[in-house]
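Trainee: Make a model of this:
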Amino acid sequence: MEATDEWYAEGRYYALTVFSEVSKRDGLGVELEDVAPAPGRGLAMVIFRDDSTGIPVVSTTTYLAVPGEVVTRFTEYALRRLLPEDVPE
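Mentor: Below you'll find the model as predicted:
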């Protein structure tokens, strides 16, 4: 598991965590968590690449708004981490 820098947008702080999972599913994922101001709102989005398919899948885990700039930045970051460099865009 790897924690990255926090991001700030529209008065909220967001943190990223890169993780691998092999118990229920086999693959690599990135989580976006709303962490501040306190109390944080918790997990907001996950992008997970299942190793059996190689396809990243996006899941949202909150009904609260996440700024578009954060969604865009998170998606771009996650896809750079999860997709092999030789995959055509």
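
Trainee: ok, for Ile47, nearest residue in space, not its chain neighbours?
Mentor: The shortest distance from Ile47 to any non-neighbouring residue, by CB to CB, 6 or more residues apart in numbering, is to Ala78 (4.0 Å). C-beta here means a position set from N, CA and C on the backbone, and glycine is covered the same way.

Trainee: separation between the one you found and Arg41?
Mentor: With the distance defined as CB to CB, to the nearest Å, Ala78 ends up 19 Å from Arg41.

Trainee: quick one: which of these two has more around it?
Mentor: A direct count of neighbours by other CB atoms under 10 Å for Ala78 and Arg41 places Ala78 higher, at 24 against 16.

Trainee: Spell out the secondary structure type for that one.
Mentor: Ala78 falls in the helix class when you classify it by DSSP: H, G, I helix; E, B strand; the rest coil.

Trainee: In contact with it, which residues?
Mentor: Listed by CB atoms under 8 Å, 6 or more residues apart in numbering, the contact set of Ala78 reads 30, 47, 56.
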